[in-house]
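>>> here is the input, now give the coordinates:
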Amino acid sequence: LAFCRGRVVRVPKGPLIRVVGTEVVIPCSVSDYDGPSEQNFDWEFSRETDFVRIVSTWDSTFTSEEYQKRVGSGDIKLRRSSNDAVELVIRNIQPTDQGRYKCTTPSTDATVQGNYDAEVQVKVISDGLSVSGSKGRSSASLRLSEGDSFKLRCSAITTSPEHTHLHVTWQIKSGSTWRDILSLTHEGKFQPGPGYEERYRNGDIRLDTGANDTYRLSVSQASSVDGGAYRCLVSEWVRGADSFWQKIQEKSVEIASVAIQRTDVVISTSNVSVTERDSLDLTCNITTDRSGIFQAEVVWYFSPSPDDTLSDAQVLLSMDRDSVVSDSTLISLSHVDRNSYRLLVRDVDVEDSGYYFCQAAVWVPLHNGSWHKVVERTSAPVGVVVTALEPDYEVFLNASRTPKFSDDPTELNCRITNAQDTEANIRFTVSWYYRQRLRSDDVVAEELLATMDADWTLLLGDRSRERIQNGEIIFSKRAVDTFSLRIQWTSESDRGDYFCVISAWSRHRNNSWVKSKDVTSASVSIFWATQDYTLTVEAVKLKPFFVAGHTFEMTCKVSSKNIKTPRYSVLITAEKPLTDQSNPNGTTRIISLNQDSVVRLEDWTDQTRVDGVVLEKVQENEFRYRMYQTQISDAGLYRCVVTAWSPGGGGMWREAVNGLSNPIQIDFQMSGPVFNVSVHSDNPTVYQGELADLLCIVTTEGMALEPDDMSFDVSWFAVRSFALDREPVLLASLDRRGIVTQSRRNGSSDLSLERISPLEFRLRVHGCEDHDFGNHYCVVTPWVRSATGIWQREPDIKAKPIFLSVKMDVLNAFKYPLLIGIGLATVIGLLSCLIGYCSSRWCCKKEVQETRRERRRLMSMEMD
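Sure, this is the predicted structure:
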């Protein structure tokens, strides 16, 4: 391929057949060359043998004398299409131009390889194509109505000596350009133009051939786009030597000018405004110049929006082409004249406001007696506004009852005054609103309390829903023109501005109610001056000196201000010393008396003295507290906590303010023995499963007592940590009567608690486990019998904890697993040996036949 590569000059394959008087374009190109990219070309012509120079791209003196005039005038020229291609253009070719044309390229190659010229034969034939209109007329004018049909004809014939085909195209002039409608190609195929494909498939546009070489264009269902000038464009084609079709000439003739009269549908009036209960009169006009027989089909539509489509609109009434009208009660449709149809809507309502439009279809009769719809149009919508007959009235709001204190009732009356034009079809409802009053200028949106629907159904707002359901707020209709709002118990949150809105509702034809007007009343302010509640509580001790075992008595006197008809609830509290283990927080709630004089024991847990405390009401503002048989453990500060209550809504009481009295102290002089407690264990470290002994030892100092005059409550606790940072867990307790109580345990270990001497108590943990470790301590509550025979409880005493450690016995833990493992291993080894012996003895034994060898002595080498 490398040796065969060279310059290639190409021209079309001949002969090229052209019609006299037409323009001829002969291309020439070169490829596979060396040198510059832009190549030069020379054209020469020969009728017989010698070539005459025509034109060159690089030498202006190349043209011969006989072609200089035609080249100078531009009848013959070169048109470069690229760096390696040019076109020879000959305008108005003549029979003398028939012959051979040679294209030559000067060499720019380093070596001469390939061809440097190419020839093509051009044959010039006479013009035999003739195109004309129908009956020889050059052009005609047609005036048609929309939906009509028309036909146009043109004649085309050729007498060319060559075998040529005709390509016929019907075109319409749209503006300044021609658009193809339908073509019959030189290959005998029908080809619709852009935008005419659907009409061609439907048969509305056809192209037929007739006698005398005529071509007929048939158009059905003509529309406004079919108006314009029509022409017949005919081109002549011949098959070249390369088997491709080539267009050799083209002619056209204007056939007719068609004007299409558009059929319009309009409503005679523009936007309409009518009053409720009046009649609405609209006329639909069909504009057409059709003079023949036709019938119209009319449909009236209604839509709330002008942008709705026909599928979304409501059909009001229709009339078919036989003038049959669909049935309707309040709407009528009449045929006024040939092209006008009247719609009459009687007794219009506000709901009739919207957009009205009509749709009209024109039908014409055919030759076979059937009817054909030629056009259908829809009018522009006409806006109709129906003005409601609004009643004229005023609204007046007044307060018949206003609160002076909290929880007083409030009553507001909303009345309709100066009512005019209120007929039987008008109904009134009310809506109540509340607006909070602020000291600043901030705007606060109103809140809906309740509103009435057209059927007087009460709809509740979020603010008052719960109170209305509980009966605290009542809405009622006192009279035909009066609505009331009553708040049974007005609270401070109800202070603010109130106003009402009276709505007028009109009854429509379908017995539905539509709101026609709202009138808002002036606001009424509900407000009363309030002062802060004050409450003073004074506690007084009636007996200044007493000893243990006597009765403690104190009174609480209460005074209040700015509270309407108050009632009081009293709570007695005691603040014990921090050494009291029964209440680490320091404050104990003893007994209470509520505003209804119901007494309740709060945190009083001494079952032996259930009736030892009494709280009673002496006067309306005075209360007395008694505590019988006081004990040393009752020492502390006692107070009265008083709550003032005022009457609330629905017979309920509302908390107003709280007060705390001065403290009253109970203090005893300690002249008896002093008790100390300690915990001891001979072996605080035990192994799992062993027994742990813990001793709680009580010692006394000071005055000596007989064992029968003292008793102890002992409780054992454990903290399951090293640093005492967890909550203590009660293990067991022994009261002074000898009753033992144990807490629930999760492990397998067990506890026992016993008194081994008057001052020693022993806790035993049987079968210790891991979870039994931790700090253990005891809490002792001493009880001492006084000279009068009364047992006095002393303060609780907590011992210093001792840490109990539980270890694991490794030998005992692994002894049995090791023995079991060794035994199993021995048994399995013996069993394996037995199985191997039996297998080798009986299962895998083979009989071996040994060859008997002769026993000969070795001979000495010398004897051999």
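>>> for residue 682, give me its contacts.
Neighbouring residues of residue 682 by Cβ atoms under 8 Å, 6 or more residues apart in numbering: residue 693. The C-beta positions use only the backbone N, C-alpha and C, and glycine is treated the same way.
>>> what residues of stretch 760-772 count as buried?
The neighbour-count check on stretch 760-772 (16 or more other Cβ atoms under 10 Å) flags 761, 762, 763, 765, 768, 772 as buried.
>>> and which of the residues you listed is nearest residue 317?
Closest approach to residue 317 among the buried residues of stretch 760-772 (Cβ to Cβ): residue 772, at 99.6 Å.
>>> residues near residue 376, how many?
By the measure other Cβ atoms under 10 Å, the count of residues near residue 376 is 14.
>>> strand partners (parallel or antiparallel) of the host helix or strand of it?
Element membership for residue 376, per DSSP states H and E: strand 371-378. Applying DSSP bridges to the sheet, strand 371-378 is found paired with strand 354-365 (antiparallel).
>>> which stretches in the stretch 701-850 of the chain count as strands?
Applying DSSP state E, counting those that start in this stretch to the stretch 701-850 of the chain gives strands spanning 710-719, 729-734, 740-742, 750-757, 760-766, 774-785, 791-793, 797-798, 802-807.
>>> neighbouring contacts of the first one?
Surrounding strand 710-719, the residues in contact under the criterion Cβ under 8 Å, 6+ apart are 673, 694, 696, 698, 726-736, 753, 755, 758, 761, 763, 772, 774-785, 791, 801, 804.
>>> show the buried residues in the residues you listed.
Looking at those with 16+ other Cβ under 10 Å, the buried ones turn out to be 673, 694, 696, 698, 728, 731-734, 753, 761, 763, 772, 774-784, 791, 801, 804.
>>> residue ranges with poor pLDDT in the stretch 1-150 of the chain?
For the stretch 1-150 of the chain, applying pLDDT under 70 flags the ranges 1-5, 134-139.
>>> I'd assumed residue 72 was in a strand, is it?
No. Going by DSSP: H, G, I helix; E, B strand; the rest coil, the assignment for residue 72 is helix, not a strand.
>>> neighbours of residue 314, how many?
Residue 314 has 11 nearby residues by other Cβ under 10 Å.
>>> what sits against residue 743?
Counting by Cβ under 8 Å, 6+ apart, residue 743 makes contact with 729, 730, 731, 732.
>>> please name the nearest non-neighbouring residue to the first one.
Distances taken as Cβ to Cβ, 6 or more residues apart in numbering place residue 718 nearest to residue 729, at 5.2 Å, with adjacent residues excluded.
>>> how close does the one you found get to residue 282?
100 Å (Cβ to Cβ, to the nearest Å).
>>> these two: who's more crowded?
Using other Cβ under 10 Å, the more surrounded residue of residue 718 and residue 282 is residue 718, with 23 against 20.
>>> now that one: how far from residue 17?
124 Å.
>>> ok, residue 162 next?
Distance from residue 162 to residue 17, by Cβ to Cβ: 6 Å.
>>> before we move on, what about residue 299?
63 Å.
>>> what comes into contact with stretch 599-610?
Taking Cβ under 8 Å, 6+ apart as the rule, stretch 599-610 contacts 571, 582-583, 588-594, 612-613, 615-616, 628-629.
>>> of the residues you listed, which belong to strands?
571, 588, 589, 590, 591, 592, 593, 613, 615, 616 (DSSP state E).
>>> now do the contacts for the third one.
Put plainly, it is residue 589. 571, 572, 573, 602, 603 are the contacts of residue 589 under Cβ under 8 Å, 6+ apart.
>>> which one of those residues is nearest residue 228?
Set against residue 228, the nearest of the contacts of residue 589 by Cβ to Cβ is residue 571 (105.4 Å).
>>> tell me if I'm right that the closest one and residue 625 touch.
No. Applying Cβ atoms under 8 Å, one finds residue 571 not in contact with residue 625, separated by 10.4 Å.
>>> the more surrounded of the two?
Using other Cβ under 10 Å as the criterion, residue 571 and residue 625 rank with residue 625 on top: 23 against 20.
>>> quick one: the strands in the stretch 551-700 of the chain?
Residue ranges of the strands in the stretch 551-700 of the chain, as given by DSSP E, counting those that start in this stretch, are 552-561, 567-575, 587-593, 599-601, 613-619, 622-627, 636-647, 653-660, 664-666, 674-680, 685-687, 692-701.
>>> how's the chain carved up into domains?
Following the TED database, the chain resolves into domains at 7-125, 129-261, 264-387, 394-526, 534-666, 674-809.
>>> so can I have CSV of those showing distance to residue 841?
Converted to CSV, these look like this (distance: least, Cβ to Cβ, whole Å):
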stretch, distance to residue 841
domain 7-125, 100
domain 129-261, 104
domain 264-387, 104
domain 394-526, 99
domain 534-666, 83
domain 674-809, 48
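>>> quick check, residue 314 in contact with residue 305.
No. Between residue 314 and residue 305 there is no contact under Cβ under 8 Å: 11.7 Å.
>>> ok now stretch 270-279, how far from the chain's centre?
Its chain's C-alpha centre and that of stretch 270-279 lie 44 Å apart, by Cα atoms, centre = their mean, to the nearest Å.
>>> so which bits of the lengthiest helix in the chain are buried?
Longest helix in the chain by number of residues (criterion: DSSP state H): helix 810-838. For helix 810-838, a neighbour-count test (16+ other Cβ under 10 Å) marks nothing as buried.
>>> what is the rounded mean pLDDT of it?
Across helix 810-838, the average pLDDT comes to 86.
>>> the closest residue to residue 751 other than its chain neighbours bridge partners, please.
Closest residue to residue 751 apart from its sequence neighbours, by Cβ to Cβ, 6+ apart: residue 732 at 5.3 Å. Here residue 732 sits in beta bridges with residue 716, residue 742, as judged by DSSP bridges.
>>> hang on, residue 732 packs against residue 753?
Yes. Counting by Cβ under 8 Å, residue 753 is a contact partner of residue 732 at 4.4 Å.
>>> how much space separates residue 25 from residue 299?
Distance of residue 25 to residue 299, given as Cβ to Cβ: 61 Å.
>>> show me which of the two is the more surrounded one.
Taking neighbours as other Cβ under 10 Å, residue 25 and residue 299 compare with residue 299 leading, 22 against 13.
>>> the more buried one and residue 315 touch, don't they?
Yes. Residue 299 is in contact with residue 315 according to Cβ under 8 Å; the separation is 6.3 Å.
>>> my read: residue 798 touches residue 777, true?
Yes. Here residue 798 lies in contact with residue 777, judged by Cβ under 8 Å, at a distance of 6.5 Å.
>>> which of the contacts of stretch 599-610 are buried? Put it as a PyMOL command.
To isolate the buried subset of these in PyMOL, counting by 16+ other Cβ under 10 Å, use the following:
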select buried, resi 571+583+588+589+590+591+592+593+594+612+613+615+629
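>>> between residue 732 and residue 753, which contacts overlap?
Looking at what touches both residue 732 and residue 753 (by Cβ under 8 Å, 6+ apart), the common residues are 716, 740, 742, 763.
>>> scan these and report the most crowded one.
Counting neighbours by other Cβ under 10 Å, residue 716 comes out on top of these with 25 neighbours.
>>> what's the distance between it and residue 732?
Relative to residue 732, and taking Cβ to Cβ, residue 716 is found at 5 Å.
>>> next one: residue 391
88 Å.
>>> repeat for residue 657
On the measure of Cβ to Cβ, residue 657 and residue 732 end up 48 Å apart.
>>> for residue 539, which non-adjacent residue is closest in space?
Counting by Cβ to Cβ, 6+ apart, residue 539 lies nearest to residue 661, which is 3.9 Å off, once chain neighbours are set aside.
>>> common neighbours of residue 571 and residue 625, please.
Shared contacts of residue 571 and residue 625, defined by Cβ under 8 Å, 6+ apart, are found at 591, 640.
>>> which secondary element of the protein has the worst mean pLDDT?
Least confident helix or strand, the chain: strand 264-267 with a mean of 70, by mean pLDDT, DSSP states H and E.
>>> check which helix or strand the residue lying closest to residue 82 once chain neighbours are set aside maps to.
Closest residue to residue 82 apart from its sequence neighbours, by Cβ to Cβ, 6+ apart: residue 29 at 7.9 Å. Per DSSP H and E, residue 29 falls inside strand 24-31.
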